[in-house]
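Colleague: no sequence on this one, just coordinates:
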């Protein structure tokens, strides 16, 4: 997909932010993989960061597709707003 320029949103910053949230979430999963232990607080932080990362990844894709109104936090609704081609690629990859 070739990203479309947006006057309203910055998908580069959104992608960079998503990656940072993803990295923090992954740190806790790596800790669990090494030790077999993860506190309830650490599990919550990991899940929260993964959720934030997913939201920003989806919003970045929507921006890149040219969507001009990107609101909300429901991952399923954001996913449904993507083009059929993008949804198909995500589904195929994951």
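Modeller: Structure's in. What do you need? Here the structure is a predicted model, which means the values were calculated and not measured.
Colleague: Determine the three-state secondary structure at the most centrally placed residue in the chain.
Modeller: Among the residues of the chain, the smallest C-alpha distance to the mean C-alpha position (Cα atoms, centre = their mean) belongs to residue 54, namely 2.1 Å. Three-state assignment for residue 54 (DSSP: H, G, I helix; E, B strand; the rest coil): helix.
Colleague: give me the number of residues near the nearest residue to it once chain neighbours are set aside?
Modeller: With sequence-adjacent residues excluded and distances taken as Cβ to Cβ, 6 or more residues apart in numbering, residue 54 is closest to residue 75, at 5.6 Å. Where C-beta positions appear, they are placed from N, C-alpha and C, glycine not excepted. Other residues lying near residue 75 total 13 when counted by other Cβ atoms under 10 Å.
Colleague: cool, the one 10 residues further on as well?
Modeller: Residue 85 sits with 10 neighbouring residues when counted by other Cβ under 10 Å.
Colleague: That one and residue 58, how far apart?
Modeller: In this structure, residue 85 and residue 58 are separated by 15 Å, where distance is defined by Cβ to Cβ, to the nearest Å.
Colleague: measure stretch 27-47 end to end?
Modeller: This stretch, stretch 27-47, spans 11 Å end to end (Cα to Cα, to the nearest Å).
Colleague: How far away from the center of its chain is it?
Modeller: For stretch 27-47, the separation from the chain centroid amounts to 19 Å (computed by Cα atoms, centre = their mean, to the nearest Å).
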